[in-house]
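Q: here is a sequence together with a model predicted from it:
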Amino acid sequence: MSQDATPFALVVRFTVRPGAEAQFDALVAQTAAGIRDHEPGTLVYACHTVQDQPRQRIFYELYQNRAAFDAHEQTAHTRRFLAERTELLEATEVDFLAVADGKTPVTGQAASRDA
């Protein structure tokens, strides 16, 4: 699979500062609206809460390719999120992922695997 066709994914675990949960969630909602409206290369951008850990947020992000991720990082809504999140967070952990196998919404992936 060429570099342009390789999906690019990451998982981020945020620990939100006590009392900042609602403000962080509002910032996420604004950011997600921008992503839905302006980022066709962002295939999945999901923020999850964690059962019994009210200050944890886990993001799963799947991009069509690295270029789509790079474009995502340059949008106004993402740059705002990156700037404003800092004061709301206690910790951030990021894991970049490589798709080994499975089912994803990436066009043509199943066809190349079956060939």
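A: Yep, that arrived. Numbering: from 1, shown residues only.
Q: from now on I want contacts and neighbour counts done on CA atoms only, so please keep to that.
A: Noted.
Q: what's the single longest helix in the chain?
A: Longest helix of the chain, by residue count under DSSP state H: helix 21-38.
Q: dump that one to CSV, keeping only the CA atoms.
A: Below are the C-alpha coordinates for helix 21-38, written out as CSV (Å, rounded to 0.1, in the frame of the first residue of the first chain):
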residue,chain,number,x,y,z
GLU,A,21,-14.6,18.5,32.7
ALA,A,22,-17.6,20.6,31.3
GLN,A,23,-15.3,23.2,29.8
PHE,A,24,-13.1,20.5,28.2
ASP,A,25,-16.1,18.7,26.8
ALA,A,26,-17.5,21.9,25.3
LEU,A,27,-14.2,22.6,23.6
VAL,A,28,-14.2,19.1,22.2
ALA,A,29,-17.8,19.5,20.9
GLN,A,30,-16.8,22.7,19.1
THR,A,31,-13.7,21.0,17.6
ALA,A,32,-15.7,18.0,16.5
ALA,A,33,-18.2,20.2,14.7
GLY,A,34,-15.4,21.8,12.7
ILE,A,35,-13.9,18.3,11.9
ARG,A,36,-17.3,17.0,10.7
ASP,A,37,-17.9,20.1,8.5
HIS,A,38,-14.4,20.6,7.1
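Q: which parts of that helix are buried?
A: Buried residues in helix 21-38, counted by 16 or more other C-alpha atoms under 10 Å: 21, 24, 27, 28, 31, 32, 35.
Q: among those residues, which pair sits farthest apart?
A: 21 and 35 (20.8 Å; C-alpha to C-alpha).
Q: can you pull out the helices in this protein?
A: Taking DSSP H as the criterion, the chain carries its helices at 21-38, 66-74, 76-85, 109-114.
Q: could you dump these to CSV with mean pLDDT?
A: Shown next, in CSV, are the helices of the chain (pLDDT from 0 to 100):
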stretch, mean pLDDT
helix 21-38, 98
helix 66-74, 97
helix 76-85, 98
helix 109-114, 43
